[in-house]
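> Just to be clear, the model below is a prediction. Sequence and coordinates:
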Amino acid sequence: MADPVPAGSDVSSGTYECTKCGYELSVQSTQHLPPCPKCENGEWTTESGGDSVEDPYPA
Ligand SMILES: [Zn+2]
């Protein structure tokens, strides 16, 4: 999984943080990660969950 994660990615449920403004977005499993609702940036870093194989806190 790419990190940062581009908007529009197919992701598992988790928390993502905007690379630009730091907005935290919690999503359920989706096939289309939305752009940041605050600044419209299209890149996210994975805070927890997601598709990271190195997730230290699996659900
Ligand atoms: Zn943002």
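The structure has been received and is ready for your questions. Numbers count the residues shown, from 1 in each chain.
> Please name the bridge partners of residue 30.
residue 11 (DSSP bridges).
> Reduced to three states, what does residue 22 come out as?
Secondary structure for residue 22, judged by DSSP: H, G, I helix; E, B strand; the rest coil, is coil.
> Tell me how many other residues surround it.
Residue 22 is flanked by 11 other residues according to other Cβ atoms under 10 Å. No exception for glycine: its C-beta is placed from N, CA and C like everyone else's.
> So is stretch 21-32 next to the ion?
Yes - counting by Cβ under 5 Å from the ion, the ion is contacted by stretch 21-32 at 21, 23.
> how about the worst-scoring helix or strand of the chain on mean pLDDT: buried residues?
Ranking every helix and strand in the chain by mean pLDDT, DSSP states H and E puts strand 43-49 at the bottom, with a mean of 91. By 16 or more other Cβ atoms under 10 Å, the buried positions in strand 43-49 come out as 43-44, 46, 48-49.
> repeat for stretch 32-39
33, 35-36.
> So which of those residues is the closest to the ion?
Nearest to the ion out of the buried residues of stretch 32-39 is residue 36 (Cβ to the ion; 3.2 Å).
> separation between the nearest residue to the closest one once chain neighbours are set aside and the ion?
Sequence neighbours aside, residue 18 is the residue nearest to residue 36 in space, at 4.3 Å (criterion: Cβ to Cβ, 6 or more residues apart in numbering). Note on residue 18: its distance to the ion, by Cβ to the ion, to the nearest Å, is 3 Å.
> Quick one: classify the residue sitting nearest the centre point of the chain as helix, strand or coil.
In the chain, the C-alpha nearest the mean C-alpha coordinate belongs to residue 16, at 3.4 Å (Cα atoms, centre = their mean). Of the three states, residue 16 takes strand under three-state DSSP.
> Hmm, it is touching residue 43, no?
No - using Cβ atoms under 8 Å, residue 16 is not in contact with residue 43, being 9.5 Å away.
> any residues in contact with both of the two?
Residues touching both residue 16 and residue 43 by Cβ atoms under 8 Å, 6 or more residues apart in numbering: residue 5.
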